[in-house]
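Trainee: structure of the sequence below:
(one chain, ligands or ions: 1)
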Amino acid sequence: MFKFIVFLFIPCVFGDATLSNRTFPDGFSFGTATAAYQIEGAWNEDGKGEQLWDWYTHTYPDKIDLGYNGDVACDSYHKWQEDIQILKDLGVQHYRLSISWSRILPNGTVNNINQKGIDYYINVLKTLKENNIEPMVTLYHWDLPIILHQMGGWTNPITAEYFAEYSRIAFKYFGEYVKTWITLNEPQSTCWGGYDSGSKAPGYTLAGLGLYECAYVHVLAHAKAYHIYDNEFRAQQKGRISIVIDSPWAEAASNSSEDVEAAQTEREFVLGLYANPIYLGNWPQVVIDNVATRSELEGFAQSRLPQFTQEQIDYINGTADFFGLNTYGTNLISHLNKPNENIGVPNYGLDKGTSSSVDPSWPSDVPWVHQVPWGFRKLLKYVYEQYNHPEIIVTENGWADKTGTLTDIDRQSYITQYLSALLDAYYEDGVNVTGYTVWSLLDNFEWTNGYTQKLGLVQVDFEDANRTRTPKDSYYWFQNVIKTKCLVEECL
Ligand code: NOJ
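Mentor: Just a heads-up that it's a prediction; the model follows:
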């Protein structure tokens, strides 16, 4: 189907890093990822309901680079068979995809089930299985049914109830084909982008307030879906379920005790806010303390951080069968203020009391991805040690460029070095990391960056009505890594 090329290994020393010559362990799972809104298109076809990003891109085209939207995207709603063929030729063991909530429940609620939406996903999942590709299914990848958004979205706890009911429908109809479930994708991005910085839909800037409510509702929603799976489906379907949490590595900007402490505080506010309740119980203590102190000094009657009851703490704690980790970069963290300093209006950055920067020498083509493989290794080790040694699956990692070139040597360099760091974490640090997922299989709708940033192993021509797919060099390179389980020739 595709051009035949003879693959050559990247030299053992690539860039300034020495690559691991170890083999990926038996059972290690390689995959790629996508999400419904970013690839499917067909935004109003076959009974699908409107969702948050349909509304956001249609209402505020000025907030998206070049006014793009996901109405057609990669047209995977129609081209899913071709996508699965591409996956099969790539040789992946798993494929991470998401279900569009409003495609199967047009209003978000279970009183109206859209059979055509159900059929679409059953066809996709069945065909993946027939091709020996394990589906890893995300229930929610940012496409909230619009009615639920209008009712307050992720700041209203009722959303957790509706999510739980939706998840039950998904387990019921698709559970036969799915052994790995992910409840929610990247709550940190949703809560920070959607409800604090305003950089993602719904674009709210509820500084120092919205993010914490959003975190609270996400964690509750996740736990409810976990318990439904555990109580009603696990025994029969024998799958596993978790959440995907995203975080860069937070490295102290200097050895000063203030910066070292600030880096740990940053980890707790970014990663721990979501991971702590699920893996250890309750919010991280530093988050509880800082927000309480500042809320009081700001004149609030109670902390801006919602409190869990003891019953909720116990209900949420332990609701994960593995740790799904998304990561793209590293930040240098400095101390900014103590909890009782710089009091004024609510502000998440001041709650943390940290400031963040990057080293300009770190390779990068877009502001949010930097090639820092040692940061990835540290992050893996930190997650493993901090959260009681969970099995870790890297559910997203990848390189963004602006050109979308087919000769994407930078992408190969980035992924090679990150995979090498992963091998070091596994063999040298003893981290139980069992899978790695490239974001993304295809160039796709990159949220507010529209189609201006490309992350695919496969190029998609968005000017062409046919959305022609062309594998990039990184696709053939990754195909060889999966086949040989090696990054360098000496490993063979
Ligand atoms: C985060 C999200 O899960 C995904 O939707 C996005 O496209 C990639 N990472 C890259 O930004």
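
Trainee: around the ligand, pick out the residues from the protein.
Mentor: Residues of the chain lying close to the ligand (CB under 6 Å from any ligand atom) are 35, 38, 185-186, 326, 396, 439, 446, 455. C-beta: built from backbone N, CA, C; applies to glycine.

Trainee: could I get those as a markdown table with neighbour count, secondary structure and pLDDT?
Mentor: What follows is the residues of the chain next to the ligand, written out as a markdown table (neighbours: other CB atoms under 10 Å; DSSP: H, G, I helix; E, B strand; the rest coil; pLDDT from 0 to 100):
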| residue | neighbour count | secondary structure | pLDDT |
| --- | --- | --- | --- |
| 35 | 26 | coil | 99 |
| 38 | 26 | helix | 99 |
| 185 | 25 | strand | 99 |
| 186 | 25 | coil | 98 |
| 326 | 21 | strand | 99 |
| 396 | 23 | strand | 99 |
| 439 | 24 | strand | 99 |
| 446 | 21 | coil | 98 |
| 455 | 24 | coil | 99 |
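
Trainee: which residues touch stretch 454-461?
Mentor: Applying CB atoms under 8 Å, 6 or more residues apart in numbering, the set of residues contacting stretch 454-461 from outside is 32, 74, 86, 90, 398-404, 406, 411, 438-444, 446, 467-472, 474-475, 478.

Trainee: among those, which are located in helices?
Mentor: Counting by DSSP state H, the part of these found in helices is 86, 90, 411, 474-475, 478.

Trainee: now, which of those residues sits nearest the ligand?
Mentor: residue 411 (13.0 Å; CB to the nearest ligand atom).

Trainee: in the stretch 101-250 of the chain, which spans are helices?
Mentor: Remark: helices assigned in the stretch 101-250 of the chain by DSSP state H, counting those that start in this stretch are 101-104, 115-130, 146-150, 158-174, 187-189, 195, 210-228, 234-237.

Trainee: go on, the stretch 301-450 of the chain?
Mentor: Counting by DSSP H, counting those that start in this stretch, one finds helices in the stretch 301-450 of the chain at the ranges 310-316, 348-352, 373-386, 409-427.

Trainee: packing partners for the shortest one?
Mentor: Under the contact definition 3 or more CB pairs under 8 Å, 6 or more residues apart in numbering; DSSP states H and E, helix 348-352 sits against helix 257-267, helix 285-298.

Trainee: dump the C-alpha coordinates for it into CSV.
Mentor: Only the C-alpha atoms of helix 348-352 are listed here, as CSV (Å, rounded to 0.1, in the frame of the first residue of the first chain):
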residue,chain,number,x,y,z
TYR,A,348,-3.8,29.9,40.8
GLY,A,349,-0.2,30.9,40.0
LEU,A,350,0.1,32.8,43.3
ASP,A,351,-1.6,29.8,45.1
LYS,A,352,1.3,27.7,43.8
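
Trainee: kindly state the beta-bridge partners for the residue in the stretch 251-400 of the chain positioned nearest to the ligand.
Mentor: Residue nearest to the ligand within the stretch 251-400 of the chain (CB to the nearest ligand atom): residue 396, separated by 5.4 Å. As for beta bridges, residue 396 partners with residue 326 under DSSP bridges.

Trainee: from residue 387, how far out is it?
Mentor: 18 Å (CB to CB, to the nearest Å).

Trainee: over to residue 283?
Mentor: 14 Å.

Trainee: okay, those two: which has more neighbours?
Mentor: Shown here are residue 283 and residue 387; by other CB atoms under 10 Å, residue 283 has more neighbours (26 against 19).

Trainee: in which helix or strand does the nearest residue to that one once chain neighbours are set aside reside?
Mentor: Nearest residue to residue 283, sequence neighbours excluded (CB to CB, 6 or more residues apart in numbering): residue 276, at 5.9 Å. Per DSSP states H and E: residue 276 is located in helix 273-279.

Trainee: contacting residues around that helix?
Mentor: For helix 273-279, contacts defined as CB under 8 Å, 6+ apart pick out 187-188, 215, 218-219, 222-223, 243, 245, 268, 282-284, 287, 308, 313, 316-320, 323, 383, 386-388, 390.

Trainee: do you know the pLDDT at residue 15?
Mentor: Predicted confidence (pLDDT) for residue 15: 52.

Trainee: where does the stretch 151-300 of the chain dip in pLDDT?
Mentor: Within the stretch 151-300 of the chain, no range satisfies pLDDT under 70.

Trainee: I'd say residue 289 and residue 338 touch.
Mentor: No. Using CB atoms under 8 Å, residue 289 makes no contact with residue 338, being 11.3 Å away.

Trainee: who's more crowded, those two?
Mentor: Set residue 289 next to residue 338 and count neighbours by other CB under 10 Å: residue 289 wins out with 14 against 11.

Trainee: show me what contacts the more buried one?
Mentor: The contact partners of residue 289, taken as CB under 8 Å, 6+ apart, are residue 339.

Trainee: now residue 133. Nearest residue, chain neighbours left out?
Mentor: Residue 133 sits nearest to residue 95 (CB to CB, 6+ apart), 5.1 Å away.

Trainee: torsion angles phi and psi at that neighbour?
Mentor: With angles defined as degrees, to the nearest 10, residue 95 sits at phi -130, psi 120.

Trainee: for the remainder of this discussion, apply numbering that starts at 40.
Mentor: In the new count, where the first residue is 40, that last one comes out as residue 134.

Trainee: partner residues bridging it?
Mentor: With DSSP bridges as the criterion, residue 134 is bridged to residue 71, residue 174.

Trainee: how much space separates it from residue 448?
Mentor: From residue 134 across to residue 448, the span is 25 Å (CB to CB).

Trainee: over to residue 463?
Mentor: Separation of residue 463 from residue 448 (CB to CB): 22 Å.

Trainee: surely residue 221 and residue 174 touch.
Mentor: No. With contact defined as CB under 8 Å, residue 221 does not count as touching residue 174 (10.7 Å).
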